[in-house]
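*Asks:* Got a predicted structure plus its sequence, pasted below:
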Amino acid sequence: MSKQVTPYETGESKKNQVRQMFNNIALRYDFLNRLLSMGIDKGWRKKAIALLAKKEDLKLLDIATGTGDLAIEIVQKYPDAQVTGLDLAPQMLEIGRQKAQKKNLGSSITFVEGDAENLPFEDNTFDAITVAFGVRNFERPLEGLKEMKRVLKPGGQLVILEFSKSRSKIFEGIFNVYFKYILPKIGRLISKDARAYQYLYDSVQAFPSGTAFIDLLNESGYQSNRWIPLTLGVCSIYYGEK
């Protein structure tokens, strides 16, 4: 695995630091997401959702659900789905609950505070698991992948969205200037957290993207593993099955 990057330099576990960071920025998280991604993230989520098998009464776990954007989009596309959104940060979850209730989706989405590396569910519980921009924040990604596989039903799907390094050197250079210098300054000004959006850049650089992440899926025991680069590779979908 690559060097572990943490949001702060406090000596606490990465898990605790990530929880603190997302609680700190929860109130401004959705606004900053739209502003800093220029809305491109909506298209990325739609492409990830499109990989889910069409199934009545889909039972899905959305890990690192945050404020529930992906969970909400899933139940809007699959009205019979029952989605459990799990996250470390209670303040993010509370915003997610409010958003779901405003859209009259409260009966379709259950928000649960929990740890992706120690899931509070029985073996073989879910038809599918999604993770949008969350695996990079795991303290032990391999353990998290194995734990997700445990709670998937046989044949269940894993769909992960994550930032990655562009395969275009020119585009990578332009994107890195934005990602490393401009985005952290805007994020710091609006979120009032000096480290959160610098951590975003640092964690993407350290994360094993592309074929390196497929190696982790293979090691975790998933099958039919695929890597689907998006927007010249700055974001990727990783797909596997139990």
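*Replies:* On my side now, so go ahead. Numbering: from 1, shown residues only.
*Asks:* all helices for this structure, in order.
*Replies:* Per DSSP state H, the chain carries helices over the ranges 14-37, 40-49, 69-77, 90-102, 141-151, 169-177, 183-191, 196-206, 211-220.
*Asks:* weakest of the ones you listed by average pLDDT?
*Replies:* Note on those: lowest mean pLDDT is at helix 169-177, with a mean of 73.
*Asks:* Ramachandran coordinates for residue 195?
*Replies:* Phi and psi for residue 195, reported as degrees, to the nearest 10, are phi -110, psi -20.
*Asks:* and it, what does it touch?
*Replies:* 7, 8, 21 (C-beta atoms under 8 Å, 6 or more residues apart in numbering). For the C-beta atoms, the positions are set from N, CA and C on the backbone; glycine is no exception.
*Asks:* hmm, 6 Å instead?
*Replies:* Applying C-beta atoms under 6 Å, 6 or more residues apart in numbering, we find residue 195 in contact with 7, 8.
*Asks:* Model confidence for it, exactly?
*Replies:* On the pLDDT scale, residue 195 is placed at 87.
*Asks:* related to what we said a few turns ago, what's the closest of the helices of the chain to residue 230?
*Replies:* Closest to residue 230 of the helices of the chain, according to C-beta to C-beta: helix 40-49, at 5.6 Å.
*Asks:* what's next to the closest one, contact-wise?
*Replies:* So helix 40-49 is in contact with 70, 73, 74, 77, 159, 161, 230, 235, 237, going by C-beta under 6 Å, 6+ apart.
*Asks:* Thank you, goodbye.
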